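Visitor: This is the structure alone, sequence omitted:
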């Protein structure tokens, strides 16, 4: 045995496919190590003789590397590029090394070799399955505050990074005729066959290289070359085809309805210095007409005492480490098996110069060519024997071998043990697709049974046990006319055992692990049955078997078999738990992909946004919109700014950006008829050029939205909605138009963003805008309150509304949005000499509250009728139909005891109530008090010189003048119930 | 993500373009104001919500904008058919038997496999 | 007082170069746009007024000179013309039952062009953009990330994305981000 010195003492010269000269430096727990380009962290650690890589979840037992693939339950490490790019729970068997890679072991303190938590292993008889559930029940509060935090700190796996992730992630929607999952022999053959028909094919594989088992099956020959050569050549051929996309390092993690499959492509996790533009991962959302699953099979471990010692690996993993990476997992490697496939691994190791002292086979009289071959290589084969226990703690040092039924023990020194209990077809994706698995009793495995989608399984995942048969099956599934592919050799995927091995049976107390990641032993599964769990779903939850991040890829069948034995039931009647996405863990980054930072959610800005920003206005978020909140001048706080703005509007004039209001153009000869049906108000008789405030109800009679509607022509209305309500009002209107009133000749078009809206409000409003307007007579007689005209402002078209949400005379100037900023600036310049003051949403809120104008969604909450809101006047008295007319007649909507909107004045005018505060009639009643209402709007009104508030109060309109109370943490506030109008009660100012 | 056929666009489109709009074939009474409390309550509130085939409304809101109806199996999520708003309820039994004929072919049962090697 | 004649259309997006990606993301110029609604029987008269045949098959478009009509729904078209257009006046004369609403300023056009343009769009649009499913000249309202767009294929490797103006910064940012990914 010749050792290469550069990249680890266990690297065997001449073995594997990596280039000895291409060394890569990395660290593990601070130790400087060297591997080779193409190594996984696992292969590089093993090459350096490191088997101990982590501590187990519950008992803190030393753990090593079990597998060489994504099924790995044990070797979970923390990979850190920098403070923000830190990934816990990375499987060392999946992570490729790069120059400078920093890996750390997890779940140990203070160090991996000396871990204080390992005390749990000593006390393990006291920590059986269900221990935590049963022990930490009292006192009740302590679970959340004491027990759970402590237990979680002691258990758990990696540590979540504390900094935001700086990596980029991306997304791609893709469509194809065929998606092939898995690029082993079957997947490659299927893709080749399908590609020959010209079909659009996507082939993905979670490994960096295609080939699957062909990467380690040294005995395979396909079309005259080795299996690996064939895989590489086929890969090159497929990559050269325009209609084929091959994605390596890409895991199909979820199979959803209608052949929608989620893939994650790992783009830069294997690179030392990823380019700045390179995403770390790309989510592929693939819609395939057809899916071929070629996901292979996963080898199971043997369940025996101390089967979790570092140095104990799956046989196929040892073979891959040797044949792909040139790494021997030990120098004296024992073999423990219940089937033939481990023999091939033993022979490969032996031929590479590794000492293989013994093959222990639980079968009594197995016979096959590979067994003879092993014997001919001088390996001792003990059939009808079992490994009763493994010696050593941080690394296996020996195995104790007995006959199956006991007898004398023989101790054999080893520094590694490779094992195989058989193969579990990987039916995860098939099961996710809602296909039903069927139990293959003869071979003790679940296989694809009934399909739910246009999907087919080929190869080992389909229980096709022979390489030639798998390839033939795949060629047929691909649907193409390719020439036959001749294959020999390969793994025999059938045979083996499930459940506990001899020595770990029902009456034993040994620690024979079923689920390594969640520390579940055969004994735990039996305990669950004894405690009354009879369904596998209950057993799983009680023991947590198969519930770790590896989803029980190696453990599920063992657990099921042990449970079935304990229940004395056949396996299918105990059931298999459902496989769910994701197949392997998926990062949040991949799921979120582009939707971060500026793309997290659209930020909507009005055409005048930059102007507001330049004035130093803070913005208020209203849905996705940014609205100018107030415009502070030097030295002003918010309250001072708002007070100044409020006074300016009432005394001179204010300018306000109302562009976010929803707008819908309703066009057609039946436009008025349609609005009659959608609003409580009458519209037929509204004159052209006039406006009306409208209320929209839902069918149940409650207020849905409100806004001013202007009639531009007989058959053309300009409807406004609330800012937040715009999309749902449009949807609501379309719904009724299309499905209830399709006979009406009318169409709806959203024009929210066509128009920039500049509100100019206040006694000077007309004087300010008049010089800019062309073609519109602004006089009170020609253009009274609540009218609309079309003309020009600053030379561009305008829809000029005379309307008010402030109680002052005023205008809302609509101009095409691209002109909004220029017109705004022109109006502002024009108004400056008149004291025109920009005001924001806060002042708008105060001014409208002074007038008792409601805001839908603030003063109403989806349970308020027009009557409750004091808007009975807005209901057309003679109407026989509109949406909500019947709802309003419901008994509970017209009876006494409803909450009605009223004004509130605090007895102390300086006190401003809190919005949302509850109102009671008697503050001296015992707690919990009977609450009779709540404050919906509350402000300091500089114009009134006092605080004002609106509130919903039970039978509020009958309580005018009554004293009510608002209990707050600092004392009770006394209030008087008033009308809703606090300023200019007669509304004289509107007419300027 | 489902694929939904829009009867107006005449092709299947991704679910992201659609919005579900509840149960279909609820008829708003033309003289709703005279409707009894009981009838109005059943129109306003009571829904079938069956396990299995249900008639439901969808809107291709980010597509052609049209409302249409669909028959979908609430268990398997499979659409049996879609049809335009205003069209009558389809004959589900006829559709089911036609579908069964069509689908009997592609349903795949696994082929017989080699038996476990002798232990 | 300001000179009234100086008011120019201000594009909501003020962006610089598209970078050195294989796919460029640029702004389309100002345009006149109409949302046109009508039933089938009005199509001949409207076509005549517009000077092009309104498409009546789903996902199709018709163009003549600077003027194009995109089928959006069974009674809906998006008409796009160059900035100085008689479009609105042309439709104003039509007497048949229809609705024409000026949405010139509501929408913003973004052009995505270059090899891989479809992949860039597919970074956030779930539709099948293969030439078989979405041929040159096809158009459809759909989604891009979290917003609604109208997507129009001008050539194999050139798309026009139309969105509402306040979503244009999002659309532009999204397409830029996706173009960076496709360039990898």
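Guide: Structure's in. What do you need? All figures in this text were calculated on a predicted structure; none of them were measured in a lab. Residues are numbered from 1 along each chain as shown, chains lettered A, B, ... in the order given.

Visitor: Where do the strands of chain C begin and end?
Guide: C:24-27, C:31-38, C:61-64, C:67-73, C:76-82, C:98-102, C:107-113, C:139-144, C:147-155, C:158-164 (DSSP state E).

Visitor: Give the buried residues for the first one.
Guide: Think strand C:24-27. Residues of strand C:24-27 classed as buried: C:24, C:25, C:27 (neighbour count, 16 or more other Cβ atoms under 10 Å in any protein chain shown). Using the backbone N, CA and C atoms, a C-beta is placed for each residue, glycine as well.

Visitor: do the same with the fourth one
Guide: Going by neighbour count (16+ other Cβ under 10 Å), the buried part of strand C:67-73 is C:67, C:68, C:69, C:70, C:71, C:72, C:73.

Visitor: want to try CSV for the residues you listed, with pLDDT as columns?
Guide: As requested, the buried residues of strand C:67-73 are exported to CSV (pLDDT from 0 to 100):
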residue, pLDDT
C:67, 97
C:68, 98
C:69, 98
C:70, 98
C:71, 98
C:72, 98
C:73, 98
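
Visitor: so which of the residues you listed are also by chain B?
Guide: Counting by Cβ under 8 Å from any Cβ of the partner chain, C:72, C:73 from the buried residues of strand C:67-73 sit close to chain B.

Visitor: hang on, the earlier thing: out of the strands of chain C, which is closest to residue A:591?
Guide: strand C:139-144 (17.5 Å; Cβ to Cβ).

Visitor: how far off strand C:147-155 does that closest one point, in degrees?
Guide: Angle, strand C:139-144 to strand C:147-155, by axes from the mean of the first three to the mean of the last three Cα atoms, to 10 degrees: 130 degrees.

Visitor: and strand C:139-144, is it in reach of chain A?
Guide: No - Strand C:139-144 is not in contact with chain A by Cβ under 8 Å from any Cβ; minimum separation 10.2 Å.

Visitor: So for that strand, mean pLDDT?
Guide: Strand C:139-144 shows a mean pLDDT of 98 in the predicted model.

Visitor: same question, stretch A:858-867
Guide: Stretch A:858-867 shows a mean pLDDT of 97.

Visitor: Quick one: distance of that stretch to the chain centre.
Guide: Taking Cα atoms, centre = their mean, to the nearest Å, one finds stretch A:858-867 lying 35 Å from the centre of the chain it belongs to.

Visitor: what comes into contact with the helix or strand of chain C with the lowest mean pLDDT?
Guide: Within chain C, no helix or strand scores below helix C:87-92, which has a mean of 91 by mean pLDDT, DSSP states H and E. The list of residues contacting helix C:87-92 from outside it, by Cβ atoms under 8 Å, 6 or more residues apart in numbering or on different chains, reads C:32, C:34, C:36, C:46, C:49-51, C:67, C:79, C:81, C:98, C:100, C:102.

Visitor: Those residues: which two are farthest apart?
Guide: Maximum pairwise distance in the contacts of helix C:87-92, criterion Cβ to Cβ, is 18.2 Å, between C:51 and C:102.

Visitor: These two: who's more crowded?
Guide: Of the pair residue C:51 and residue C:102, residue C:102 is the one with more neighbours under other Cβ atoms under 10 Å in any protein chain shown, namely 20 against 12.

Visitor: For chain B, which residues are neighbours of chain C?
Guide: Near chain C, when you scan chain B using Cβ under 8 Å from any Cβ, you find B:1, B:8-11, B:13-14, B:16-17, B:62-66.

Visitor: ok, and the most crowded of the residues you listed?
Guide: Within the residues of chain B next to chain C, most neighbours by other Cβ under 10 Å means residue B:63, with 27 neighbours.

Visitor: ok, the closest residue to chain B within the stretch 351-500 of chain A to chain C distance?
Guide: Relative to chain B, the nearest point of the stretch 351-500 of chain A is residue A:443 (4.4 Å; Cβ to the nearest Cβ). Residue A:443 sits 41 Å away from chain C, going by Cβ to the nearest Cβ, to the nearest Å.

Visitor: Would you mind naming the residues that pair with the residue positioned nearest the centre of chain C in a beta bridge?
Guide: What sits nearest the mean C-alpha location of chain C, by Cα atoms, centre = their mean, is residue C:162, with 4.1 Å. According to DSSP bridges, residue C:109, residue C:150 are recorded as the beta-bridge partners of residue C:162.

Visitor: List the residues that contact it.
Guide: Under the criterion of Cβ under 8 Å, 6+ apart, the neighbours of residue C:162 are C:78, C:80, C:107, C:108, C:109, C:110, C:149, C:150, C:151, C:152.

Visitor: For the stretch 251-400 of chain A, what lies in contact range of chain C?
Guide: By the rule Cβ under 8 Å from any Cβ, the part of the stretch 251-400 of chain A lying against chain C is A:267, A:275, A:277, A:278, A:279, A:282, A:285, A:287.

Visitor: Pick out the lowest-pLDDT one from those residues.
Guide: Of all those, residue A:277 has the smallest pLDDT value, namely 82.

Visitor: Find the nearest non-adjacent residue to it, please.
Guide: By the measure of Cβ to Cβ, 6 or more residues apart in numbering or on different chains, the closest residue to residue A:277 outside its immediate chain neighbours is residue C:180, 4.9 Å from it.

Visitor: Looking at the one you found now. What's its pLDDT?
Guide: The model reports residue C:180 with a pLDDT of 91.

Visitor: Any idea how many residues pack against it?
Guide: Counted with other Cβ under 10 Å, the burial measure for residue C:180 works out to 20 neighbours.

Visitor: Distance check, it against residue C:168.
Guide: 19 Å (Cβ to Cβ, to the nearest Å).

Visitor: residues from the stretch 501-650 of chain A in reach of chain C?
Guide: Taking Cβ under 8 Å from any Cβ as the measure of proximity, the stretch 501-650 of chain A contacts chain C at A:594-595, A:598-599, A:601-607, A:624-625.

Visitor: Mind checking which of those residues are buried?
Guide: The neighbour count (16+ other Cβ under 10 Å) marks A:594, A:599, A:602, A:603, A:604, A:605, A:606, A:607, A:624, A:625 as buried among these.

Visitor: Narrow the residues of the stretch 251-400 of chain A next to chain C to just the buried residues.
Guide: For these, a neighbour count by 16+ other Cβ under 10 Å gives the buried set as A:267, A:278, A:279, A:282, A:285, A:287.

Visitor: Check the residues of chain B next to chain C one by one and keep those near chain A.
Guide: Among these, chain A is touched by B:1, B:14, B:65, B:66 when using Cβ under 8 Å from any Cβ.

Visitor: Among the residues you listed, which has the minimum pLDDT value?
Guide: residue B:1 (91).

Visitor: How about it: what's its closest non-neighbour residue?
Guide: Counting by Cβ to Cβ, 6+ apart, the residue nearest residue B:1 is residue B:15, at 4.8 Å.

Visitor: need the contact list for residue 70.
Guide: Since you didn't name a chain, this refers to chain A. Neighbouring residues of residue A:70 by Cβ under 8 Å, 6+ apart: A:91, A:93, A:94, A:206, A:251, A:553, A:583, A:584.

Visitor: looking at chain B here, not the other one
Guide: B:4, B:24, B:55, B:56, B:57, B:58, B:79, B:81, B:82, B:83 are the contacts of residue B:70 under Cβ under 8 Å, 6+ apart.

Visitor: likewise residue A:709?
Guide: Residues counted as contacts of residue A:709 (Cβ under 8 Å, 6+ apart) are A:675, A:679, A:683, A:686, A:691, A:692, A:693, A:694, A:717, A:718, A:719, A:720.

Visitor: related to what we said a few turns ago, for residue A:649, state which of the residues of the stretch 501-650 of chain A next to chain C is nearest.
Guide: residue A:606 (19.4 Å).

Visitor: which SS state does the closest residue to residue A:570 other than its chain neighbours fall under?
Guide: Among residues not flanking residue A:570 along the chain, residue A:564 sits closest, at 6.7 Å (Cβ to Cβ, 6+ apart). Put simply, residue A:564 is helix when judged by DSSP: H, G, I helix; E, B strand; the rest coil.

Visitor: What's the separation between residue A:564 and residue A:520?
Guide: Distance, residue A:564 to residue A:520, using Cβ to Cβ: 16 Å.
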